[in-house]
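A.B. asks: This is the structure alone, sequence omitted:
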Ligand code: SF4
Ligand code: SF4
């Protein structure tokens, strides 16, 4: 097999890894439109390998998850729909990506719509609210891989400090993190969206002297 015979994806590329994983019995699709595992809750990274190799299919790891309609195992819970600050979950399992903070702060390379900015709050890279609130996370276990460990020093960065970043500093601080997808331009755009109401107040104060 050569490199032309396969491709692999981890949160990259336009493939349907969530529904494939659901069909394979890895988990079920929740009302938050994510794959939820009985063993890990929402905290999963799905990896997929697309190959020309002929492989005999084995049985799904869990019969229950196969073909279970979206949200079936959520019961009456609606916590994710209630918690989404921009109303991006328009129905159980239905995500309007144009309203999602994840899309707006990472994938959108243009202007972030004014009407969504209040809901974005203090987020400069993505959003996990609809995953965080899910009660299935009580089954989650901490990842063993150091690659998935949180980098606490990034949380110490001040917004105004980020505004002074140049390309070299951006590359050094975010080396090996998905934030590099944003590029410096995207990061600055997001920081400006957050800081603008504060800066506008400060400018107004300078003018009136109060
Ligand atoms: S990621 Fe955030 S904005 Fe997007 S659907 Fe979930 S809660 Fe809403
Ligand atoms: S928060 Fe509740 S409704 Fe949403 S995916 Fe989790 S269990 Fe389902």
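C.D. replies: All right, it came through fine. No experiment lies behind these values; they were computed from the predicted model shown. Ligands and ions are numbered 1, 2, ... in the order given.
A.B. asks: CA only for contacts and neighbour counts going forward, please
C.D. replies: Will do.
A.B. asks: Run through the chain and note the low-pLDDT ranges.
C.D. replies: 3, 62-67, 203-204, 206-210 (pLDDT under 70).
A.B. asks: Get me the contact residues on it for ligand 2.
C.D. replies: Counting by C-alpha under 6 Å from any ligand atom, the residues of the chain close to ligand 2 are 30-32, 71, 74, 77-80, 133-136.
A.B. asks: hmm, 5 Å instead?
C.D. replies: The chain comes close to ligand 2 at residues 30, 31, 32, 74, 77, 78, 79, 80, 134, as judged by C-alpha under 5 Å from any ligand atom.
A.B. asks: for the residue lying closest to the first one once chain neighbours are set aside, what are its contacts?
C.D. replies: Nearest residue to residue 30, sequence neighbours excluded (C-alpha to C-alpha, 6 or more residues apart in numbering): residue 71, at 4.4 Å. Going by C-alpha atoms under 8 Å, 6 or more residues apart in numbering, residue 71 touches 28, 29, 30, 31, 92, 93.
A.B. asks: what about the strands in this structure?
C.D. replies: 6-10, 28-29, 35-36, 47-51, 89-91, 94-95 (DSSP state E).
A.B. asks: which of the residues in the fourth one are buried?
C.D. replies: Buried residues in strand 47-51, counting neighbours by 16 or more other C-alpha atoms under 10 Å, are found at residue 48.
A.B. asks: ok, residues contacting that strand?
C.D. replies: Against strand 47-51 from outside (C-alpha under 8 Å, 6+ apart): 5, 6, 7, 8, 9, 10, 11, 17.
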